[in-house]
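Enquirer: Sequence first, predicted coordinates after that:
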Amino acid sequence: MSQYDPADTPDSNHAHDEQQRTEKPTDRDCPCCRVCGLTAERSDEPTVRHEHREESHEGRVHQDPDHSHDDHDGHDHEAHVDHADHEEMFKQRFFVCLVLSLPVLYYSPMLQEWFGYAAVTFPGSEFVGPVLGTIVFIYGGIPFLRMGAVEVRNREPGMMLLISLAITVAFVYSVAAIGFGIGEPFFWELVTLIVIFLLGHWIEMRSVRRASGALDELAELMPDTAERVTEDGETEEVRIDDLAEDDLVLVRPGANVPADGVVEDGESNVNEAMITGESRPVKKEPGDEVIGGTTNRDGSLRVRVSATGEETTLSGIMRLVEEAQQSRSRTQVLADRAAGWLFYAAIAVAAVTAVAWTVAVGFGLPVVERVVTVLVIACPHALGLAVPLVVAINTSMAAQNGMLVRDRIAMEEARNLDTIVFDKTGTLTEGEQGVVNITTSEGWDEDELLAVMAAAEGDSEHMIAEAIREEADERGLSIPSVREFEALQGRGVRATVEIEAAATPGAGEDGVRDGETVYVGGPNLLRHLDIELNAELEAFADEAGDRGQGVVYLLRNGEAVGAVALADVIRDESFEAIEALHEMGVEVAMLTGDSEDVASAVSDELDIDTYFAEVLPEDKDKKIIELQNQGKLVAMVGDGVNDAPALTRSDVGIAIGSGTDVAVESADVVLVENDPRDVAHLVRLSRKSYRKMQENLVWAAGYNVFALPLAAGVLAPIGILLSPAVGAVLMSASTVIVAINAQLLRRADLSV
């Protein structure tokens, strides 16, 4: 641990912040729609509407595979993206095409030759393949053809265009082969390709739906109806859409709270796990706030509604989750570019393959097979899924653990953080005074001393008095009563103890007796009463002073009989958080407006690497710049209000303990709970997510590097050739592997 010696900071350092902010994207594309070929008009203001388990993207054009939309200039488009519908569509088309494909395969001359059987013939049986193959091409292939057309219209060629080209080449060649007699038709390969593509997309949509289930899970938390209390005290069942601010609702045990509000009557424990990540039920009593969507456990509550609809905490969280899932990280941008490059590479390889095979063996079925196989196997499906699936799962996990991501790039950058700066008060510490040490003179024990001090401070509203009373309550002490209480302005208190001698703490020769006057106060009181401390108490006071702690004494009969040291209590969670960050190789710094002694003591106790003491709120951002000037990637952890400039200046701004306030504009990530361990959870989730992205990208890219040459037929001289069907299987398998690997992120342990 060392105190940082600040250096002069040039004004030009402001450019650092400007650079960081301008790099963050405003274009948001739904990753799941990108997977299934749906395209989104870019919008900076996505809107989430909660019609219970239904998401919508305002300002987006939804190109559904089952229907097309014409462009209408001057009109806004609103569409509903439901991946469950996409999944069901691909599933239905898969089974229909599978049934239709079986006769095509059965009557294929090539398969009859391979497997040595003769198909049953009947008049017109020779048309089974062409007729059913055409039906499969139209019914099963039309989703891919339409989505390929969307890619052409948007000038973003990709996987759907490659699939469209592959099945179109196969179909056109097969029709030409029959019509012009130029060779064997390709229908059995065509239907096999389409069936495999439909199966692969069905599996993908299933994975995508599960991965992006955070919005569904959050939407399901809100009940459909509520019990509103009428003016005569009766209850009526109403839709939650009909609730208004100031309505009184009854929340029965086991029911979900229908809207944000304040408890007016009743006590209960409420499960807030899905909103805040807090696993333990939270006790609620009159005056406490409750969040819509949380679950009431064991008691009935009457809640006065304070927010409904889009104004509720749950709606705000859902907006953040949707924005995070739609925002594009640098890794996603790279993957999208790679997918675009792969399209052109596939077209080039297909063209070279066609020319080479035509020169080698002449134009015919082998040439078409090679071209179709290249187009099929080069489809960047796995590359397109590699990052979006991880992003969707990452965002779901973050929301379920009380981490609300406002900026996807910041979430990705968290893995590279060198230094995390914590604001001390209220973040690493409780933000209020607490008893941290006690000493007594001979004849007294700690509980006896604390009970008398709590009694004397019983009528005081000072924060020191509250801290002493809270410590006595936590120890379960019996507090004697007092009379003749008097507050001594700026010095302490005086009171007369009213207890039986036999029950008196320290009763006996040295104890406080019934009717005896005691004083409680600090150094000013000692000077006022001209009381000298004994050596033991003097040493205690000196040690406390070195740690930046305040000392309060109990005085009787003109002498000090004991003392307590008070300080801003360090959270138990802070020790675990800093230890976890150190284990991950992240340095920890602390900002505080407290004195050098206080900052040094807290820093030593928590094993903090660097601290900044006596920092004014308006100067906190300058300390962030000083660390950034050392080439460090810096995160700032604060309350999102007083720390707004520092949060904005940092590379990753983390607002902690913001509770249900999701509108912390200065923060990139909002931590709902005031638990510093969540900062370590954030870094760990960022690192594990990025590792999954890397694994998926390596697999997706490596698969194409390996498979494309095989598809082109470079190993044909030694008898190794991939058929289009095998190519489709490999392509689909690579996609499924990427999807499964992304799902494994759910098993990641984020605990510290």
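Expert: Sure thing, it's come through.
Enquirer: Sort out which residues of stretch 425-445 are buried, please.
Expert: By 16 or more other C-beta atoms under 10 Å, the buried positions in stretch 425-445 come out as 425-430, 433-441, 444. Heads up, the C-betas are built off the backbone N, CA and C, glycines and all.
Enquirer: Sort out which one of those residues lies nearest residue 312 for me.
Expert: residue 426 (25.7 Å; C-beta to C-beta).
Enquirer: my guess is that closest one is in a strand, correct?
Expert: No - secondary structure assignment (DSSP: H, G, I helix; E, B strand; the rest coil) places residue 426 in helix, not in a strand.
Enquirer: Skipping its backbone neighbours, what lies nearest it in space?
Expert: residue 639 (6.1 Å; C-beta to C-beta, 6 or more residues apart in numbering).
Enquirer: do you know how far that neighbour is from residue 425?
Expert: Here the criterion is C-beta to C-beta, to the nearest Å. By it, residue 639 lies 9 Å from residue 425.
Enquirer: And for residue 701?
Expert: Taking C-beta to C-beta, one finds residue 701 at 48 Å from residue 425.
Enquirer: If you drop the residues flanking it in sequence, what lies closest to residue 293?
Expert: Nearest to residue 293 is residue 221, by C-beta to C-beta, 6+ apart, at 3.5 Å.
Enquirer: Quick check: which element contains that neighbour?
Expert: When elements are assigned from DSSP states H and E, residue 221 belongs to no helix and no strand.
Enquirer: thinking it is in contact with residue 257, fair?
Expert: No - using C-beta atoms under 8 Å, residue 221 makes no contact with residue 257, being 9.1 Å away.
Enquirer: Pull up the overlap in contacts between these two.
Expert: 293, 294 (C-beta atoms under 8 Å, 6 or more residues apart in numbering).
Enquirer: any idea how the chain splits into domains?
Expert: 83-211+321-394+690-747, 221-307, 402-429+570-678, 432-568 (automatic domain parsing).
Enquirer: Tell me which of those domains lies nearest to residue 314.
Expert: Of all the domains of the chain, domain 221-307 comes closest under C-beta to C-beta, at 4.4 Å.
Enquirer: gap between the two ends of the closest one?
Expert: Distance across domain 221-307, first residue to last, is 16 Å (C-alpha to C-alpha, to the nearest Å).
Enquirer: what does stretch 282-297 give?
Expert: 10 Å.
Enquirer: if we can go back for a sec, who's more crowded, residue 221 and residue 257?
Expert: When neighbours are counted by other C-beta atoms under 10 Å, residue 257 comes out ahead of the other of residue 221 and residue 257, with 28 against 18.
Enquirer: If you average the pLDDT over the helix ranked longest in the chain, what comes out?
Expert: Using DSSP state H, we find that the single longest helix of the chain is helix 677-712. The average pLDDT within helix 677-712 is 86.
Enquirer: just how off-centre is that helix within its chain?
Expert: In this view, helix 677-712 has its centroid 19 Å away from the chain centroid, taken as C-alpha atoms, centre = their mean, to the nearest Å.
Enquirer: And for stretch 531-544?
Expert: On C-alpha atoms, centre = their mean, the centre of stretch 531-544 falls 51 Å from that of its chain.
Enquirer: mind listing what's buried in it?
Expert: In terms of neighbour count (16+ other C-beta under 10 Å), stretch 531-544 has its buried residues at 533, 537, 540, 541, 544.
Enquirer: Which member of these is positioned nearest residue 405?
Expert: The shortest approach to residue 405 among the buried residues of stretch 531-544 belongs to residue 544, at 42.4 Å (C-beta to C-beta).
Enquirer: Just the local confidence number for the residue nearest to residue 239 when sequence neighbours are not counted, please.
Expert: Of all residues not flanking residue 239 in the chain, residue 225 sits nearest, at 5.8 Å (C-beta to C-beta, 6+ apart). pLDDT, residue 225: 88.
Enquirer: Contacts only, for residue 225.
Expert: Per C-beta under 8 Å, 6+ apart, neighbours of residue 225: 237, 238, 239, 240, 258.
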